[in-house]
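*Asks:* When you get a sec, could you give me coordinates for this:
(chains A and B)
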There are 2 protein chains.
Amino acid sequence: MKASKIFSKTQKTDPSGEISTNAKLLMKAGFIDKLGAGIYTYLPLSLRVIRKIEKIIRSELNRIDAEELLMPALNPKSNWEKTGRWNVPEMYKIADEEYGLGWTHEEIITPLAKKFLNSEKDFPKSLYQVQTKYRNEPRAKSGILRGREFIMNDMYSFHLTEEDLDTYYEKVKEAYLKIYERCGLKDYTYFTLADGGAFTKGFSHEFQTLTEAGEDVIYICKKCKLALNKEVEHKKCPSCGEEDFEERKAIEVGNIFKLGTKYSEAFDFKINDKNVIMGCYGIGVSRLLGTIVEVFNDEKGIIFPKEVAPYDIYLVDIKGGEKSEQLYKALEYKGYDVIFDDRDKTPGEKFSDADLIGIPIRIIISEKTLKEDSVEVKKRGEEKSVLVKIKEITKYLEKC
Amino acid sequence: MKASKIFSKTQKTDPSGEISTNAKLLMKAGFIDKLGAGIYTYLPLSLRVIRKIEKIIRSELNRIDAEELLMPALNPKSNWEKTGRWNVPEMYKIADEEYGLGWTHEEIITPLAKKFLNSEKDFPKSLYQVQTKYRNEPRAKSGILRGREFIMNDMYSFHLTEEDLDTYYEKVKEAYLKIYERCGLKDYTYFTLADGGAFTKGFSHEFQTLTEAGEDVIYICKKCKLALNKEVEHKKCPSCGEEDFEERKAIEVGNIFKLGTKYSEAFDFKINDKNVIMGCYGIGVSRLLGTIVEVFNDEKGIIFPKEVAPYDIYLVDIKGGEKSEQLYKALEYKGYDVIFDDRDKTPGEKFSDADLIGIPIRIIISEKTLKEDSVEVKKRGEEKSVLVKIKEITKYLEKC
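*Replies:* Numbers count the residues shown, from 1 in each chain, chains lettered A, B, ... in the order given. Below you'll find the predicted structure:
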């Protein structure tokens, strides 16, 4: 993509009225536009990141035999009355309260699953969607970490025995950890014990990513690194017995929950006269983008991890002429997603935009580097750059 | 995908309460589930078709330099008040009328474009999205042809001169025709003159697909095959002068429209003191799925065109044992999407499901065909089948 053709533009100053780092950086770098409190347009740059996150999620969930479908946001009132959740404050109601806008989908998936899962051999079954959700959110001050409209991946699993749910639950846990790892968040994300609530014995679990922007507080056992949500009694680590914890701010990037039979009871979903046992699992897709930005940034801008960067390479042309265009085409031909900064701007402005947008690798091609048949390569977040011969550039990039 | 693992199941009888062919067939074949009037869940089979249609649309629109973004469905009232469209009956209003749910996006894209398109060199620009839209639809009896919640591709272009808009408009027309062609609808879809309304000189244009389920009537010139919408004066064909027309029922699968300066005026979007000139373009994605089903079906079920079929091959196993499993894996390895019917059902039941679901190619592998080291191949919609040697099957399929 030529930078001169990209719809959005970077801004020199912070947007007014935004207090969260993710919204400030994403607006300044031209990734999102604010339409209202907690309501954002995903501009082309951020949509590319969202799609990459979605692709990672799909690939990991398909691997554990989950099937993708897409449920409506318009949810009939009657479904929600069955579970007593119609009058929760989160619900946006429309059309004289005929519908609510779904903020989770147990009320829809349970009667749907009941239609098609009719006998023992249909179990276990796991279904997921990547869908836009709506939530009447009074606190919409955290940019895309907490929106009134947001993209969510929610999954629901159906089982005949507790043991079977336990087995699948472990698989989902591993899949989720893999997803955060591929999003670059492995070292910052803790599998966290949380209160299981009224419907489950034992704990539910959250995935919490350490960041000062987090609205949650977690306690990390200093000995075994198990994390506990603040709701949990934590005088002693339930794993190793340690009593010393580190308190950290964190953002919940996912949760997994053994629902038990709460929803199958509400919709009378039984096999052989026994209520079906359910699990539910959720990852906020747009929240993940916001979290990545909160975790990976410096004074110059965003620093995207490799697999979720909107582009792989930011190619800065400084009077490189035809050679620049050739290199741009060669890199794209090799499968790299490249921003080719062909704009009539100073080198300094181009470097500054490259840093702000946060593309992992910056390549400079200029009269000076061409004298040595080379380009200058710098990784985002690192200070030093190296000179690489043009004919060796793809070999070099493979190692990056 | 093993048929035994697919979430949905085919039904032996038509669903009750549905009058449209597309909803009947799609529900019977396990593609969609009805949640309410005009509100459907896309089950895994139909989501595959939707994704294929979206992929076709993206590839053709990217080719004409359009950029993808994603706007919110939650639209602030103030945007719609500026254009006088807040109180239209289509609008679902929520949260004490703070927001409406977007059923089109001129009110959002125009002020957004104004933020980033600041000088002559930023033009022309074309932006699109694939997004879920909502419409308060009293007539929701046409299955997914006319829903209260539906998936739409809408695009908006911005120009400095009428001529530039005209040039781009022609490009979009060609891109749209290519999209319908790739969806298998070329022979059924007419580029149709429609009334341009108050905002444009001359005509707007629709893409109308012939089907008895259509709610529109078009008039096709018997001489030059130009089609006119019923709103247009049509005593004489404006292209060739012919006065004889054929009257046909059709469904509008897309439209393209020169908006002129209506929205740029409302949002005071000017360059060099002249209002920006806009075009808008729309394709109903879920409606296209419904249209494909309306056009391509027989008494046995759906007949999907190749490029939008949920799977390429329906492999029926009749006691083929290990050889069946091997063939299934070999076909998937070659890149074909295969439903492998491994279920404990009679051959008749499997054939009947293959026909109902409408996969383009059915392959039968049985004790009998294996005696000749062969499989039986039949194209959906054709009567005769042929015996093909297993070792020649991929070569044979390439020609299909």
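*Asks:* so A:L70 bridges to which residues?
*Replies:* A:L70 has these beta-bridge partners by DSSP bridges: B:Y42.
*Asks:* Hmm, A:Q129 and it touching each other?
*Replies:* Yes: A:L70 lies in contact with A:Q129 (CB atoms under 8 Å); the separation is 5.2 Å. C-beta here means a position set from N, CA and C on the backbone, and glycine is covered the same way.
*Asks:* beta partners for A:L193?
*Replies:* Bridge pairing for A:L193 - DSSP bridges - gives A:H205, A:L228.
*Asks:* I'd guessed it sits against A:E231; true?
*Replies:* No: counting by CB under 8 Å, A:L193 stays clear of A:E231, with 9.3 Å between them.
*Asks:* now the helices for chain A?
*Replies:* For chain A, applying DSSP state H gives helices covering A:21-28, A:44-63, A:77-81, A:106-116, A:162-182, A:262-266, A:285-295, A:322-333, A:347-357, A:367-370, A:393-399.
*Asks:* Just want the residue of the stretch 301-400 of chain A that's nearest chain B.
*Replies:* Per CB to the nearest CB, A:D344 is where the stretch 301-400 of chain A lies closest to chain B, at 9.0 Å.
*Asks:* Tell me, how many residues neighbour that residue?
*Replies:* By the criterion of other CB atoms under 10 Å in any protein chain shown, A:D344 has 7 neighbours.
*Asks:* same thing with A:E90?
*Replies:* 15.
*Asks:* And for A:A66?
*Replies:* 22.
*Asks:* And for the one 5 residues further on?
*Replies:* If you count neighbours by other CB under 10 Å, A:M71 ends up with 23.
*Asks:* Just to check, it is in contact with A:Q131?
*Replies:* Yes: with contacts counted by CB under 8 Å, A:M71 reaches A:Q131, the gap being 6.6 Å.
*Asks:* where do the contact lists of these two overlap?
*Replies:* Counting by CB atoms under 8 Å, 6 or more residues apart in numbering or on different chains, the contacts common to A:M71 and A:Q131 are A:H105.
*Asks:* In chain A, which strand is the longest?
*Replies:* The single longest strand within chain A, with elements called by DSSP state E, is strand A:245-260.
*Asks:* Direction included, what does it pair against?
*Replies:* In the sheet, strand A:245-260 lines up with strand A:203-210 (antiparallel), strand A:216-221 (antiparallel), strand A:277-284 (antiparallel) (DSSP bridges).
*Asks:* To B:N22, which of those strands lies closest?
*Replies:* When these are compared by CB to CB, strand A:277-284 sits nearest B:N22, at 31.8 Å.
*Asks:* re earlier: of A:L193 and A:E231, give the one with the bigger neighbour count.
*Replies:* A:L193 (23 against 14).
*Asks:* where does that one land on pLDDT?
*Replies:* Note for A:L193: predicted pLDDT of 92.
*Asks:* who's in contact with it?
*Replies:* Taking CB under 8 Å, 6+ apart as the criterion, A:L193 is in contact with A:F203, A:H205, A:L226, A:A227, A:L228, A:N229, A:V232, A:P238.
*Asks:* could you redo the last one with a cut-off of 6 Å?
*Replies:* Contacts for A:L193 were tallied using CB atoms under 6 Å, 6 or more residues apart in numbering or on different chains; they are A:F203, A:L228, A:V232.
*Asks:* and stretch A:133-151, is it in reach of chain B?
*Replies:* Yes: counting by CB under 6 Å from any CB of the partner chain, contacts between stretch A:133-151 and chain B involve A:E149.
*Asks:* Show me which residues of that stretch are buried.
*Replies:* Going by neighbour count (16 or more other CB atoms under 10 Å in any protein chain shown), the buried part of stretch A:133-151 is A:133-137, A:140, A:142-151.
*Asks:* now A:Y281: how far from chain B?
*Replies:* Per CB to the nearest CB, to the nearest Å, A:Y281 is found 17 Å from chain B.
*Asks:* Quick check, that residue in contact with A:K173.
*Replies:* No: the criterion here is CB atoms under 6 Å, and A:Y281 misses it with A:K173 at 9.1 Å.
*Asks:* So between the two, which is more surrounded?
*Replies:* Set A:Y281 next to A:K173 and count neighbours by other CB under 10 Å: A:Y281 wins out with 24 against 16.
*Asks:* what residues are up against the more buried one?
*Replies:* A:M155, A:V172, A:I256.
*Asks:* Closest to A:D268 out of these?
*Replies:* Distances from A:D268 to those, taken by CB to CB, are shortest for A:M155, at 22.6 Å.
*Asks:* who's in contact with A:E54?
*Replies:* A:V130.
*Asks:* Swap in 8 Å and give it another go.
*Replies:* Here A:E54 is in contact with A:V130, A:I151, A:N153, A:V285 (CB under 8 Å, 6+ apart).
*Asks:* Among these, list the two that are farthest apart in space.
*Replies:* Top of the distance list for these (CB to CB): A:I151 and A:N153, 7.9 Å.
*Asks:* can you list the contacts of A:E54 in TSV and add pLDDT?
*Replies:* Below are these laid out as TSV (pLDDT from 0 to 100):
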residue	pLDDT
A:V130	98
A:I151	98
A:N153	98
A:V285	98
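*Asks:* how's chain A carved up into domains?
*Replies:* Annotated domains of chain A cover A:3-298, A:311-399 [automatic domain parsing].
*Asks:* which of those is buried the deepest?
*Replies:* Highest mean neighbour count of these: domain A:3-298, a mean of 19 (counted as mean count of other CB atoms under 10 Å in any protein chain shown).
*Asks:* roughly how far out does it sit from the chain middle?
*Replies:* Remark: domain A:3-298 is offset 9 Å from the chain centroid, using CA atoms, centre = their mean, to the nearest Å.
*Asks:* Name whatever forms a beta bridge with the closest residue to chain B within the stretch 151-300 of chain A.
*Replies:* The nearest approach of the stretch 151-300 of chain A to chain B comes at A:I151, 8.5 Å away (CB to the nearest CB). For A:I151, the beta-bridge partners are A:T132 (DSSP bridges).
*Asks:* show me what contacts it?
*Replies:* Going by CB under 8 Å, 6+ apart, A:I151 touches A:I50, A:E54, A:V130, A:Q131, A:T132, A:K133, A:G284, A:V285, A:S286.
*Asks:* Redo the domains of chain A as JSON lines? Include distance to B:G335.
*Replies:* Putting the domains of chain A into JSON lines (distance: least, CB to CB, whole Å) gives the following:
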{"stretch": "domain A:3-298", "distance to B:G335": "17"}
{"stretch": "domain A:311-399", "distance to B:G335": "18"}
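*Asks:* and the residue of the stretch 51-200 of chain A nearest chain B?
*Replies:* Closest point on the stretch 51-200 of chain A to chain B, by CB to the nearest CB, is A:L70, at 4.2 Å.
*Asks:* pLDDT at that residue, what is it?
*Replies:* So A:L70 comes in at 98 (pLDDT).
*Asks:* re the thing from before, closest one to B:A266 among the domains of chain A?
*Replies:* With CB to CB, the closest approach to B:A266 among these belongs to domain A:3-298: 16.3 Å.
*Asks:* Kindly check the end-to-end length of the closest one for me.
*Replies:* Taking CA to CA, to the nearest Å, domain A:3-298 runs 22 Å from one end to the other.
*Asks:* thinking again about what came up before, who touches both of A:Y281 and A:K173?
*Replies:* A:I256.
*Asks:* hmm, back to that, which one of the domains of chain A lies nearest to B:I339?
*Replies:* Here domain A:3-298 is closest among the domains of chain A (CB to CB), at 13.1 Å.
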